[in-house]
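**Q** Just a sequence and a predicted model for now, questions to come.
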Amino acid sequence: MAYTTIPKPTDYFNTKLYSGNASTNAITGVGFQPDMTWLKQRNGTPDHYLFDAVRGVLNYLTPNLATQQQANVVSLTAFNSDGFTLGSNGQINASSSSNVSWNWKANGAGSANTDGTINTIKTSANTTSGFSMSTYTGTGSNATVGHGLGKVPKVIMVKNLSVGETDWMVYHASLGATKNMRLNNTDAIATSSAMWNNTTPTSSLFYLSNNGNVNASGQAFIAYCFADVQGFSKMGSYKGNGNADGTFVYTGFKPAWVMIKNTTSSASWNITDAKRDTFNVAGKGLFANETTAESAIAGREIDFLSNGFKIRTSGGEKNTSGNIYIYMAFAEEPFVSTNGQPATAR
């Protein structure tokens, strides 16, 4: 049996829950210095906030909105060796609020990558965990960008930093290079070669057309790239069966975090994690495209298993018969560790 290449997934991805205090708030217990942190208040309806080391602290993006990058001096003020520090921003640190942070490790602030026809301003790539972040300036012409992973990315998320009302564009390998999704809305799959230049990414490059959402001339962009890594991350798809005894999806690990999107019909991007839902059935929903507070509503249930996840609802957000769903998943524990120890069920 092949063993995982990452014996301890929490060295590269971890969910950390925290309480807000409306003041300086040092969050510890992440287990590493994060390079990307995605924050959402659980008991209220503020926007999602996303920070990373490439764009620099204080600069945030809102995954649920098409707005450009903004800065706030009392938002996330530092990435630390075991977490991060927040200022008094009420969106992510309101007094007595309950919040979640999802944290990924890349490779610090990064440096230029010159593999593509567009040289990145900074690329921070972690070849072990299959995650990279790149900032670049668009050319308005067909182009390539180096992602630094050394393996083919299966998901790419691109956001225009310069101009508001430009959607978050998502490439997913299960859909192909003529298709795209939009993280900040509920739309079904769209077909266009004028996004990813109808070309599958390689182990060094991803491809862009001249679409303003990904490559407008003279404008700044960021790309988040994710590859499959045995025992740590998996990006794939499944077909709904319309039955409460739903599809089982094999990932090769016990999931810590799963995001699912119906590509056939209008639906939200459902995020489930093992820290907010500590027992099966897991159904405490948060949504990448919504500000909705966390809630456990019928139609969102899944089980986290030792080697994947299983859909436990016939609801359309996760299991309409015949609909195609895409997912991203990151591990809590590998199915089989480097010493042959199997993962346990929840």
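**A** Sure, I can see it.
**Q** surely residue 121 meets residue 138?
**A** No. Using Cβ atoms under 8 Å, residue 121 is not in contact with residue 138, being 11.6 Å away. The C-beta positions use only the backbone N, C-alpha and C, and glycine is treated the same way.
**Q** Quick check on the two: which one has the bigger neighbour count.
**A** residue 138 (23 against 18; other Cβ atoms under 10 Å).
**Q** Leaving out chain neighbours, which residue sits closest to the more buried one?
**A** Of all residues not flanking residue 138 in the chain, residue 215 sits nearest, at 4.2 Å (Cβ to Cβ, 6 or more residues apart in numbering).
**Q** residues in contact with the one you found?
**A** 138, 139, 140, 141, 143, 208, 209, 221 (Cβ atoms under 8 Å, 6 or more residues apart in numbering).
**Q** Export the residues you listed as CSV, with columns for pLDDT and secondary structure.
**A** Listed next are the contacts of residue 215 as CSV, based on pLDDT from 0 to 100; DSSP: H, G, I helix; E, B strand; the rest coil:
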residue, pLDDT, secondary structure
138, 98, coil
139, 98, coil
140, 96, coil
141, 97, coil
143, 98, strand
208, 98, strand
209, 96, coil
221, 98, strand
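**Q** Can I get whatever helix or strand residue 39 lives in in CSV, CA atoms only?
**A** Assessed by DSSP states H and E, residue 39 sits inside strand 36-41. Extracted C-alpha coordinates of strand 36-41, given in CSV (Å, rounded to 0.1, in the frame of the first residue of the first chain):
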residue,chain,number,x,y,z
MET,A,36,-3.0,32.5,3.8
THR,A,37,-5.8,32.9,6.3
TRP,A,38,-9.5,32.9,5.5
LEU,A,39,-11.8,34.3,8.3
LYS,A,40,-15.5,34.3,8.9
GLN,A,41,-17.7,35.2,11.8
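**Q** Pairing partners for it, with directions?
**A** Paired strands of strand 36-41, with direction, are strand 49-52 (antiparallel), strand 98-104 (antiparallel) (DSSP bridges).
**Q** what does the last one contact?
**A** By Cβ under 8 Å, 6+ apart, the residues outside strand 98-104 that reach it are 12-20, 27, 30, 32, 34-43, 83-84, 92-93, 129, 131, 257, 273, 275-276, 286, 294.
**Q** Just the buried subset of those residues, please.
**A** 12-16, 18, 20, 27, 30, 32, 34-41, 83-84, 92-93, 129, 131, 257, 273, 276, 286, 294 (16 or more other Cβ atoms under 10 Å).
**Q** quick one: which of those sit in strands?
**A** Here DSSP state E is the test, and those give 13-16, 18, 27, 36-41, 83-84, 131, 257, 273, 286 as lying in strands.
**Q** How far off centre is stretch 127-137?
**A** 12 Å (Cα atoms, centre = their mean, to the nearest Å).
**Q** Okay, buried residues for that stretch please.
**A** Buried, per 16+ other Cβ under 10 Å, within stretch 127-137: 129, 130, 131, 132, 133, 134, 135, 136, 137.
**Q** Let's see if you can find the most crowded of the contacts of residue 215.
**A** Among the contacts of residue 215, the one with the most neighbours (other Cβ under 10 Å) is residue 208, at 30 neighbours.
**Q** Residue 161 versus that residue, what's the distance?
**A** Applying Cβ to Cβ, to the nearest Å, one obtains 15 Å for the distance of residue 208 from residue 161.
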